[in-house]
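Trainee: Got a predicted structure plus its sequence, pasted below:
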Amino acid sequence: MSENHEKSSLEPPIGESDAQDDRGDRTEDETIALPSFVAGSGTLDRLVDTARDYARAAASENTLKAYAKDWAHFARWCRMKGAEPLPPSPEMIGLYLADLASGSGPSPALAVSTIERRLSGLAWNYAQRGFTLDRSNRHIASVLAGIKRRHARPPVQKAAILAEDILAMVATLPFDLRGLRDRAILLLGYAGGLRRSEIVSLDAGKDDTPDSGGWVEIMEKGALLTLNAKTGWREVEIGRGSSEQSCPVHALEQWLHFAKIDFGPIFVGTSRDGKHALETRLNDKHVARLVKRTVLDAGIRADLPEKERLALFSGHSLRAGLASSAEVDERYVQKHLGHASAEMTRRYQRRRDRFRVNLTRAAGL
């Protein structure tokens, strides 16, 4: 089975098998077309295709998939209630949000963050169909405010992988080709504070592939990553480690050398026998599975049942680990992670001196 094959975790509680039946279920491909009063030509038709490509690039593939599922779920819900999803009805959407929060019927109640994401998905889908969803309408805004007031909880954070943890995790990996690749993924992701999508989107050089999310330049003192991240372009400097066993740059060099990669995606699948690198870019879910597997193999948080340990760690644990372990001024961590504010960086720091600044004493008490 391919390493990239994994069932989506975004399956809606209500089935979406008949989502394609929806009369208003048009994609952005269908909404981008020539005006009715313009005669088509080969050149203009090609520009329509180009415009559709740019429209698809406006959001990440994962975001588009999530929005499509949001719309399919809402359209099915409307039909079950004897209503139509088009045009947008603030009253029906308010009832839909209430249903999501209450968990009526066989569907479990959703978290506030998930409900907000569903609402964003509906707004995006309505926009693609030429409608505007007024989220400030009282039928939507008041219901959402009540849901937040009653059900909101502090965000559940994944545990950070600390320095001693990452070393134990990479020690569980073999030194075959697949092990070299996974070692480079873990160390580079940790030292770079990278999102899992950023890791797998890297190419060996600039403009290698159309779906590239950045590229790597290896230098004497480290590696320079140029990333097209969710907040825009940024550079990430990853210095060499204190030993070859813990150095992310050395691990990357080893993988590139033995995998014979000098062009295109850096992190790709391997052949079934593990002796050859393939051309197919890894899916970002591989990073999450790799983190969970090596956490178990390394015996991290062995005091917890296996199910809880698996739920505690994810690909984001690498990013949180760097933020929590780096003993440097906070502003350097903020720049490294590409955060717009120090407050966002602090959310990633699972351990820090919270009372280093004591305003109580500073105020004379």
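Mentor: Great, that's in hand.

Trainee: for this protein, what's the longest helix?
Mentor: helix 61-80 (DSSP state H).

Trainee: and it, how far from the chain's centre?
Mentor: Between the centre of helix 61-80 and the centre of its chain there are 18 Å (CA atoms, centre = their mean, to the nearest Å).

Trainee: Equivalent analysis for stretch 220-237, please.
Mentor: Computed by CA atoms, centre = their mean, the chain-centroid distance of stretch 220-237 equals 17 Å.

Trainee: can I get the CA coordinates of that stretch in CSV?
Mentor: Presented in CSV, the C-alpha positions along stretch 220-237 are these (Å, rounded to 0.1, in the frame of the first residue of the first chain):
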residue,chain,number,x,y,z
GLU,A,220,29.1,25.4,4.9
LYS,A,221,27.5,26.5,8.2
GLY,A,222,24.0,25.2,7.6
ALA,A,223,21.0,25.1,5.3
LEU,A,224,18.9,28.0,4.1
LEU,A,225,15.2,27.2,3.5
THR,A,226,13.1,29.5,1.4
LEU,A,227,9.5,28.7,2.2
ASN,A,228,6.2,29.8,0.7
ALA,A,229,4.3,29.4,4.0
LYS,A,230,0.7,30.2,4.9
THR,A,231,1.8,33.7,6.0
GLY,A,232,3.9,34.4,2.9
TRP,A,233,7.5,33.9,1.8
ARG,A,234,10.1,33.5,4.6
GLU,A,235,13.6,32.3,5.0
VAL,A,236,14.6,29.8,7.7
GLU,A,237,18.2,29.3,8.7
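
Trainee: avg pLDDT for that stretch?
Mentor: For stretch 220-237, the mean per-residue pLDDT is 88.

Trainee: Give the buried residues for it.
Mentor: For stretch 220-237, the neighbour count (16 or more other CB atoms under 10 Å) marks 222, 223, 225, 226, 227, 229, 234, 236 as buried. For glycine as for every other residue, the C-beta is placed from the backbone atoms N, C-alpha and C.

Trainee: what residues does it touch?
Mentor: Here stretch 220-237 makes contact (CB atoms under 8 Å, 6 or more residues apart in numbering) with 60, 188, 192-195, 198, 201-202, 206, 212-217, 238-240, 248-249, 252, 336, 338-340.

Trainee: for stretch 297-312, same thing?
Mentor: Contacts for stretch 297-312 (CB under 8 Å, 6+ apart): 158, 159, 161, 165, 168, 169, 171, 172, 292, 295, 296, 313.

Trainee: The second one should be in a strand, yeah?
Mentor: No - under DSSP: H, G, I helix; E, B strand; the rest coil, residue 159 falls outside any strand and is assigned coil.

Trainee: Local confidence estimate at the closest residue to it other than its chain neighbours?
Mentor: In space, and not counting its chain neighbours, residue 159 is closest to residue 312: 4.6 Å by CB to CB, 6 or more residues apart in numbering. For residue 312, the pLDDT comes out at 90.

Trainee: and residue 312, how many residues sit next to it?
Mentor: 17 (other CB atoms under 10 Å).

Trainee: hmm, back to that, among the buried residues of stretch 220-237, which two are most distant?
Mentor: 222 and 229 (18.9 Å; CB to CB).

Trainee: List just the nearest of the contacts of stretch 297-312 to residue 80.
Mentor: Using CB to CB, those come closest to residue 80 at residue 158, 34.5 Å.
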